[in-house]
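Chemist: Could you look at this predicted model? Sequence included:
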Amino acid sequence: MNRRLPPLNALRAFEAAARCGSFSAAAEQLHVTHGAISRQIRQLEDWLGLALFDRVGKRVLLTDNGRQYLPVLQTAFDSIATATERLTQDRTRQLRINATPTLAMHWLLPRLTRFQLRHPGVELRLATSDTIIHDQHADFDIAIRRGHDHWHGFVSHLFLTEHEQPLLSPALLASRPLATVADLARHTLLHSETRPVSWERWLAAAGSPALQAAAHQHFDHYYLALQAAVDGLGVVLGAQPVTDALIASGKLVAPLDGPRVKARGYSWVLPLTLAEDPLCADFCAWLEEEGGI
């Protein structure tokens, strides 16, 4: 079957310029000149017989036609890249996982051996990040993020629920009792930027929204807040089951009966181009099995 296709280099130039929002950035990414990108896009527009960009001074903006064309091209390029990787890869298959740091440290890593035993020929590559997923060309096969949002160009499913309750070190508890919610007024509360409203939500659920703690300490990552609690710096809201190992080891204790407040949980996130990949499907199913959902 004869396919009526535009020049491939022109398609690559358009996709890069549209994704980067700049001819100059596209030129740098493709290792060509700004003029080459401009000529390729003009060639594509002439071939199609319509404009893909509006030129406003030195700025370029996608037209309606360009916005419709871009996701179709990106999906096609992703499919080509995936098929090429499968065709050329070694017998050892790599699986690239990108997870939030705290979940990776305290929940995922202790369990990965069980998946590795099922797939001894798979080389797992784990990276950590809590950045928002918005790039269909991200360098991972499966991501794990908090919540169950809709990520355009991806499929996702909640696999782990979590509940939060106050935790502190045994040494701190011995020196400063925590028998009731009111006792938190004598403690330092530990916060993380990745869970900014956790204490506010928990205190409201506990019926003490106006409680004034003795002090507050803030950390950019949740795992730092957990370590600060282990070191006796204050009280952290522990998200179970992520903190189960810290409790089981005796590093942290949960002295209050409740409440246990439901938090966002975690979802696996998979690019649409890998939705039918058997290994990715196995890993996602394994996450759901481990998470109990």
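Modeler: The structure has been received and is ready for your questions.
Chemist: can you count the residues close to Ala138?
Modeler: 18 (other C-beta atoms under 10 Å). Every residue, glycine included, has its C-beta placed from N, CA and C.
Chemist: same thing with Thr63?
Modeler: Thr63: 15 neighbours (other C-beta under 10 Å).
Chemist: Not counting sequence-adjacent ones, nearest residue to it?
Modeler: Ala51 (5.3 Å; C-beta to C-beta, 6 or more residues apart in numbering).
Chemist: Now do the phi/psi pair for that neighbour.
Modeler: Backbone torsions of Ala51, given as degrees, to the nearest 10, read phi -90, psi 140.
Chemist: so where's the stretch 51-200 of the chain uncertain?
Modeler: Applying pLDDT under 70 to the stretch 51-200 of the chain flags residues 88-92, 135-137.
Chemist: all strands of it, in order?
Modeler: Secondary structure of the stretch 51-200 of the chain by DSSP state E, counting those that start in this stretch: the strands cover 53-56, 59-62, 93-99, 122-128, 142-146, 154-160, 163-167, 188-192.
Chemist: Flag every buried residue along the fourth one.
Modeler: In this case it means strand 122-128. Of the residues in strand 122-128, 122, 128 count as buried by neighbour count, 16 or more other C-beta atoms under 10 Å.
Chemist: quick one: that strand to strand 93-99, angle?
Modeler: 20 degrees (axes from the mean of the first three to the mean of the last three C-alpha atoms, to 10 degrees).
Chemist: With the last one instead?
Modeler: In this structure, strand 188-192 runs at an angle of 130 degrees to strand 93-99, with the same axes, to 10 degrees as the basis.
Chemist: what helices or strands is strand 188-192 leaning on?
Modeler: If you count contacts as 3 or more C-beta pairs under 8 Å, 6 or more residues apart in numbering; DSSP states H and E, strand 188-192 packs onto helix 198-205, strand 215-219, helix 222-230, strand 235-240.
Chemist: highest average neighbour count across the ones you listed?
Modeler: Comparing the helices and strands packed on strand 188-192 by mean neighbour count (mean count of other C-beta atoms under 10 Å), strand 235-240 ranks first with a mean of 26.
Chemist: Tell me which other helices or strands it touches.
Modeler: Against strand 235-240 (3+ C-beta pairs under 8 Å, 6+ apart) you get strand 163-167, strand 188-192, helix 198-205, helix 222-230, helix 244-248.
Chemist: thinking again about what came up before, now the strands of the stretch 51-200 of the chain in a markdown table, with distance to Gln227?
Modeler: Shown next, in a markdown table, are those (distance: least, C-beta to C-beta, whole Å):
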| stretch | distance to Gln227 |
| --- | --- |
| strand 53-56 | 49 |
| strand 59-62 | 45 |
| strand 93-99 | 18 |
| strand 122-128 | 15 |
| strand 142-146 | 19 |
| strand 154-160 | 21 |
| strand 163-167 | 12 |
| strand 188-192 | 10 |
